[in-house]
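Asks: Here is my input, please return the structure:
(chains A and B)
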Amino acid sequence: MQHADSASGDRADVVPVRDAPRPAPAETAPRDDLEKLKDILFGDERGTLEALDGRVDTVERSQRDLATRLPGAIERAQEGAGAERMANALAKPVTHALGAAVRENRQVIIDVLFPVIGPAIRKAIAEALRTLVADVNGAIESSFTPRGLKWRVEAWRSGVPYAQIVLKHTLTYRIDHVFLIERDSGLVLDRESAPDLPDLDADAIAGMLTAIGEFVRDSVGGEGSTLDSARVGEHLLWVVQGPRANLACFIHGVPPARLRALLEQKLEAIHARLAEAGDIDEDARRALQPDVIAREARTAEPAPRSSRWPVRLLLLAILVLLGWLIVRDQQQTAWLDAIRAKLAAHPGFVLNAIDAKGHDAVTVHGLLDPDAEPVDAALRDALGAAKLTLDTTGYVSSDDAIVARRARRLLDAPPGVTIEAGGGVLALRGRAPAAWVDAARQRATWVPGVRDVKFAVAAETDAAAAARAELETLSASIAARRIAFVRETEPVADATSVLDALVADAQRATSLAVTAGVAIDWIATGTNDDPGSDTTNARVRASRAHWLADALGARGIAGVRTAGDDDTEALGTRQRAAFLRLVATPVPK
Amino acid sequence: MTAVAHKLCMLGDFGVGKTSLVARFVHSTFSDRYLTTIGVKVDTKEVALPGRPACKLVLWDIAGRSHLDALNMTYLRGATALLLVADGTRERSLHAALNLLMQSRTLLPDAAVVLAVNKLDLVEHWEVAPSALAELRRTLPVHETSARSGEGVEAAFADIAMRLVA
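Replies: Numbering: from 1, shown residues only, chains lettered A, B, ... in the order given. Below is the predicted model:
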């Protein structure tokens, strides 16, 4: 190049001389002289100069034509063996030129490459996503398989979307190497690698890994801190620490968390079988093979961890709570059913609804006939300790029992008249004063709920009515005469006089019975005061009733029976005593 | 049959030629930059011994220091052999090597030890007197080595390997 430059400089002086027009003939002589002088002075140098001038001219022409000839020359250079030589020759200048272009014209390069890089990146991403989508689709399609259901449960339990759970399980990974490394020395106790991987210096790698672990712990960690994992790009290193040996696992991709738990289990098992000299048996070696580990990680359930106990306890508590709620609901239902049954069997009441607050309070909504028995008394046993609120509306019941009771109330029937109702038919029997019979015969059909009346009440004479009236008076007088006791069946001092009066009344009643048209039953009843157990008091009541019956029998009043244990009048009296009751029953004529 | 591996730590003052000895002895897997970063570099070399099972030396080349700090002591753990390296042209490096031996003995009382006095190619500039080496040979196996020429290097490592499999 230097030579060409100097030639080019000379050319500037020479070319005008060479291209100058020839002089006119008049001037030829001096010119010729000059030429001769030049020949004398320069001689050979002048020839050399002209030759150089010709070469420069040739070079200049070839350079001028280079732009047109260069593409063809490059094409010819690509033919045959020249292609590689051409490529080698251009490699460095093209690299340097590209580097310079990137440094100086970054935006131009970006603009040029943009249409190329975009599709390339998209293609790579699309390729990766295609595999991923295939995995996810497969998992979603099999979402009702046992595995899919298990993932759904996992998603429900962890609160993570199902798709993410599928993603987590379908991300692929590969275990490249597994090293079992002696903790102190960093020497390799065992090394298992996936097939088709290039050989590596396991001892050197294990040693460096141990040294780096010590360095990290010494530099940034503390006592107890360890290097557990390291990641470079898609390559992941997991180190599982043990008291005598560490397990280093070189992984490509994204492994599931349960793989680490599996490695921890394996290291624990190896420690249990690790010989003093650090040797491990064949089974342990097999267990560390990458394909075995990957297979177990795929199939093994996640290792049970103590952190799941709270979840299990919570589930157990929920199950117990659910069980308790179900049992309580059943008990509540049974309880309410019992109340409904009682109410359904209660004459004169129609149940509309029951509101219950647990076992503590019940509100009964319904219709209640004024002649019905009180509802709360009927429900006392079924309710237990629950508070009852009645929300009732009055109505006229057509129940037979209520119709009979209503008729007795409205007709003011005397004791000698029995009233029964059935299917809307009111039946009256017995004997009654003539005035009552006349009135009742007319009024009986007016009783609500009665569509027909069978009237069979005989009119009494005045003597019978008088006898019946006296009997009623005597009945009250007899019941009021109480034989008091000091203790057990030991009567008080004036018991004899009371007994004598009682006998007199009884004899008078017996004499009136025939006239009144009634049969008389005598019932001796014993009572007690507050102290004493139920059993003792029942026995005392029975003893006193028998004492009275015996005493009356001894005085000529025969056929006196004793009241039973559940006699309401006996139970309702708080007194150490015995008394007699008169029960008159009309005798049909 | 797989050769039994032994951990060998190389100790010596800065610049005595430990790394050069290792480089002469093995083909390194890792870069020497680890020496200036974490202070150690690990290489391996399988040594064939006549009439003995093969022995694999795992060489822990610990960065040159005249004393051992806590981190260096952790690097020594589990070692069964020590190769002390001194520079024959610097007598002080010999004292440093012996000082390192005394320090390491607290952790490795039973480790096999060999002393390599390096830079034999500069023997005319040695400060370590032959009499001193003769005195040392009474208590330690001593090898004169040259990492530059390779003289004595294989012998030093073979000696220590022999002591490990003995």
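Asks: neighbours around whatever residue of the stretch 451-589 of chain A ends up closest to chain B, how many?
Replies: Of all residues in the stretch 451-589 of chain A, the one sitting closest to chain B is A:S533 (86.8 Å; CB to the nearest CB). Every residue, glycine included, has its C-beta placed from N, CA and C. Here the neighbour count serves as a burial measure; for A:S533 (other CB atoms under 10 Å in any protein chain shown) it reads 8.
Asks: next one: A:V503
Replies: 18.
Asks: try B:S66
Replies: One way to gauge burial is a neighbour count; for B:S66, by other CB under 10 Å, it gives 14.
Asks: Report the contact partners of the closest residue to it other than its chain neighbours.
Replies: If you skip the residues right next to it in sequence, B:S66 has B:A96 as its closest partner in space, 4.2 Å away by CB to CB, 6 or more residues apart in numbering or on different chains. For B:A96, the set of contacting residues under the criterion of CB atoms under 8 Å, 6 or more residues apart in numbering or on different chains consists of B:G12, B:D13, B:S66, B:A86.
Asks: quick one, what contacts the second one?
Replies: When contacts are counted by CB under 8 Å, 6+ apart, B:D13 touches B:G64, B:R65, B:S66, B:A86, B:D87, B:R90, B:R92, B:S93, B:A96, B:A97.
Asks: For it, what are phi and psi?
Replies: Note on B:D13: its backbone torsions stand at phi -70, psi 170 [degrees, to the nearest 10].
Asks: Need the pLDDT of A:F455.
Replies: At A:F455, the predicted lDDT confidence score is 89.
Asks: Can I get whichever strand or helix holds it in CSV? Just the C-alpha atoms.
Replies: Counting by DSSP states H and E, the element that carries A:F455 is strand A:452-460. What follows is the C-alpha trace of strand A:452-460 in CSV, where atoms were taken according to Å, rounded to 0.1, in the frame of the first residue of the first chain:
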residue,chain,number,x,y,z
ASP,A,452,-127.5,-35.5,67.0
VAL,A,453,-128.6,-36.3,70.6
LYS,A,454,-129.5,-39.6,72.2
PHE,A,455,-131.2,-38.5,75.4
ALA,A,456,-131.8,-41.2,78.0
VAL,A,457,-131.9,-39.3,81.3
ALA,A,458,-134.7,-40.2,83.6
ALA,A,459,-136.4,-37.5,85.6
GLU,A,460,-136.0,-37.9,89.4
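Asks: how near is A:R328 to A:L321?
Replies: Distance, A:R328 to A:L321, using CB to CB, to the nearest Å: 10 Å.
Asks: list the contacts for residue 77?
Replies: Just going to use chain A. A:A77 touches A:A83, A:R85, A:M86, counting by CB under 8 Å, 6+ apart.
Asks: nope, chain B
Replies: A:D184, A:S185, B:L107.
Asks: what sits against B:L164?
Replies: B:H6, B:C55, B:L57, B:T80, B:A81, B:A112.
Asks: Past the worst-scoring helix or strand of chain A on mean pLDDT, which element shows up next along the chain?
Replies: In chain A, the helix or strand scored least confidently by mean pLDDT, DSSP states H and E is helix A:2-19, which has a mean of 41. Stepping forward along the backbone from helix A:2-19, the first helix or strand reached (DSSP H and E) is helix A:28-42.
Asks: Which element, helix or strand, includes residue 108?
Replies: In the absence of a named chain, chain A is used. With secondary structure defined by DSSP H and E, A:V108 is part of helix A:106-141.
Asks: Let me rephrase: I mean chain B.
Replies: Here B:L108 is covered by no helix or strand, with elements defined by DSSP H and E.
Asks: Just give me the neighbour total for it.
Replies: Residues near B:L108, counting by other CB under 10 Å, number 21.
Asks: Can you pull out the low-pLDDT segments for the stretch 251-400 of chain A?
Replies: Across the stretch 251-400 of chain A, the ranges flagged by pLDDT under 70 are A:276-278, A:300-308.
Asks: quick one, helices of it?
Replies: Ranges of helices in the stretch 251-400 of chain A, per DSSP state H, counting those that start in this stretch, are A:257-273, A:282-287, A:290-299, A:309-344, A:375-383, A:400-411.
Asks: List the buried residues of the fifth one.
Replies: Just to be clear, that refers to helix A:375-383. Residues of helix A:375-383 classed as buried by neighbour count (16 or more other CB atoms under 10 Å in any protein chain shown): A:V375, A:A378, A:L379, A:A382, A:L383.
Asks: Repeat that for the shortest one.
Replies: Applying a neighbour-count criterion of 16+ other CB under 10 Å, one finds A:A284, A:R285, A:A287 buried in helix A:282-287.
Asks: check contacts around the residue nearest to the first one when sequence neighbours are not counted.
Replies: Which is A:A284. For A:A284, the nearest residue in space outside its immediate sequence neighbours is A:I270; the separation is 5.2 Å by CB to CB, 6+ apart. A:I270 makes contact with A:L180, A:G242, A:A245, A:L247, A:I280, A:A284, A:A287, A:L288 under the criterion CB under 8 Å, 6+ apart.
Asks: ok, A:I270 to A:L502 distance?
Replies: Using CB to CB, which is the criterion applied here, A:I270 is 105 Å from A:L502.
Asks: and what of A:K38?
Replies: For A:K38 relative to A:L502 (CB to CB), the value is 193 Å.
Asks: for A:V239, same thing?
Replies: 109 Å.
Asks: likewise B:P53?
Replies: Distance, B:P53 to A:L502, using CB to CB: 129 Å.
Asks: got it, and A:L247?
Replies: Separation of A:L247 from A:L502 (CB to CB): 107 Å.
Asks: Report how many residues lie close to residue 113.
Replies: I went with chain A, as the question did not name one. Applying the criterion other CB under 10 Å, we find 12 residues in the vicinity of A:L113.
Asks: Correction: the question concerned chain B.
Replies: Applying the criterion other CB under 10 Å, we find 18 residues in the vicinity of B:V113.
Asks: what secondary structure does it sit in?
Replies: Under the three-state scheme (DSSP: H, G, I helix; E, B strand; the rest coil), the conformation of B:V113 reads as strand.
Asks: Nearest residue to the closest residue to chain B within chain A in space, ignoring adjacent ones along the chain?
Replies: Ranking the residues of chain A by distance to chain B (CB to the nearest CB) places A:S185 first, at 2.5 Å. On the basis of CB to CB, 6+ apart, the spatially nearest residue to A:S185 that is not a chain neighbour turns out to be B:G78, at 2.5 Å.
Asks: One more: A:A101?
Replies: Using CB to CB, 6+ apart and skipping residues adjacent in sequence, the residue nearest A:A101 is A:I109, 5.9 Å away.
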